[in-house]
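Visitor: this one's sequence-less:
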């Protein structure tokens, strides 16, 4: 595994932990952003292993869909989760009166953890 990939996985773990702490402190909107970033870092790590690096979130989301979801190298649900979490992050960061439910963020955190485990398993089997 490339060093950058390991660093991105470490950032994903940190983002999951931060999301959990923020959720515990009822900062749901900010926690949603951290949960999204965990999934974003995982997608970046997987793409990095294939030699891809992008500067924009939209490019990472699209490339992940093309190289992992469409090919079914990983379950397409992870791409759906990534896209949905991006939308929640947008609401949390930019809506005038965001009202992201605790249950939604809790689900995002669980999805990020599952995505991380699947990504590590995938790279371990390559």
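Guide: Sure thing, it's come through. It should be emphasised that the depicted structure is a prediction, and the values quoted were computed from it without experimental measurement.
Visitor: what does stretch 52-64 rub up against?
Guide: 40, 43, 44, 46, 47, 67, 79, 82, 83, 86 (Cβ atoms under 8 Å, 6 or more residues apart in numbering). Glycine gets a C-beta too; all of them are placed from N, C-alpha and C.
Visitor: typed the wrong thing, it's stretch 107-115
Guide: Residues outside stretch 107-115 that contact it (Cβ under 8 Å, 6+ apart) are 12, 15-16, 19-20, 23, 31-32, 35-36, 38-39, 42, 78, 81-82, 84-85, 88.
Visitor: neighbour count and distance to residue 3 added to the contacts of stretch 52-64, as CSV?
Guide: Output for the contacts of stretch 52-64, formatted as CSV (neighbours: other Cβ atoms under 10 Å; distance: Cβ to Cβ, whole Å):
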residue, neighbour count, distance to residue 3
40, 23, 19
43, 27, 18
44, 25, 14
46, 26, 15
47, 21, 15
67, 16, 21
79, 21, 25
82, 24, 23
83, 14, 28
86, 17, 26
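Visitor: check these and tell me the two furthest apart.
Guide: Pairwise distances across the contacts of stretch 52-64 (Cβ to Cβ) peak at 17.2 Å, for the pair 67 and 86.
Visitor: give the buried residues for stretch 54-72.
Guide: For stretch 54-72, a neighbour-count test (16 or more other Cβ atoms under 10 Å) marks 54, 57, 60, 61, 63, 64, 65, 67, 68, 69 as buried.
Visitor: can you pull the contacts of the most centrally placed residue in the chain?
Guide: Geometric centre of the chain, nearest residue: residue 39, 0.7 Å, by Cα atoms, centre = their mean. Going by Cβ under 8 Å, 6+ apart, residue 39 touches 12, 78, 81, 82, 85, 108, 111, 112, 115.
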